[in-house]
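# Test case, fold it:
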Amino acid sequence: MDRRVIFSPTSIRDLADSVSYISRFDPTAAARLGDSLIEAAERMLGNHPFAGPICPEYPEGPFRYWLHKGYRIVYQVSENADQVEILRFWHCAQGDVPIDKE
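Numbers count the residues shown, from 1 in each chain. Prediction:
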């Protein structure tokens, strides 16, 4: 992994909410999904942070996303490109991604 990948508190909450919801129906699938999303964020975005397009909701940037299993992994790359911050794990069925820019 070339870059450090960090997870914002909001992204951790998003992931916990999704896993919690799915685990009511299938705990094994919920665990697989959570692991898969974390692995995709670390592996793909840690190595290729500019692979994802700019979020259409925020065309001025700096927010990007990567699609994985029906989720948008929303992130931003640090100014010196040595770190990727995961901002949201947002299911595509939820519509536009709200991002607190503060």
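# Run through the helices of this protein in chain order.
9-23, 27-40, 46-47 (DSSP state H).
# what comes up buried for the second one?
Counting neighbours by 16 or more other CB atoms under 10 Å, one finds that the buried residues in helix 27-40 are 30, 33-34, 37-38, 40. Where C-beta positions appear, they are placed from N, C-alpha and C, glycine not excepted.
# and if you look at the first one?
Within helix 9-23, the residues that qualify as buried are 10-11, 14-15, 18-19, 22, counting by 16+ other CB under 10 Å.
# which of those residues lies closest to Trp90?
Within those, proximity to Trp90 (CB to CB) peaks at Asp14, which comes in at 6.6 Å.
# give me every residue that touches the nearest residue to that closest one once chain neighbours are set aside.
Computed as CB to CB, 6 or more residues apart in numbering, the closest residue to Asp14 that is not its neighbour in sequence is Phe89, at 4.2 Å. Contacts of Phe89 were listed using CB atoms under 8 Å, 6 or more residues apart in numbering, and they are 11, 14-15, 18, 37, 71-74.
# From Asp17, how far off is Phe89?
Separation of Phe89 from Asp17 (CB to CB, to the nearest Å) stands at 9 Å.
# Please tell me how far Ile38 sits from Gln94.
Here the criterion is CB to CB. By it, Ile38 lies 19 Å from Gln94.
# quick revisit: closest to Pro98 out of the helices of the chain?
So among those, helix 9-23 is nearest, using CB to CB, at 9.5 Å.
# from the chain's centre, how far out does the lowest-mean-pLDDT helix or strand in the chain sit?
One helix or strand of the chain scores below all others by mean pLDDT, DSSP states H and E: helix 46-47, with a mean of 91. Centre-to-centre, helix 46-47 and its host chain are 13 Å apart (CA atoms, centre = their mean, to the nearest Å).
# what's the answer for stretch 76-88, then?
Mean-position distance between stretch 76-88 and its chain equals 11 Å (CA atoms, centre = their mean).
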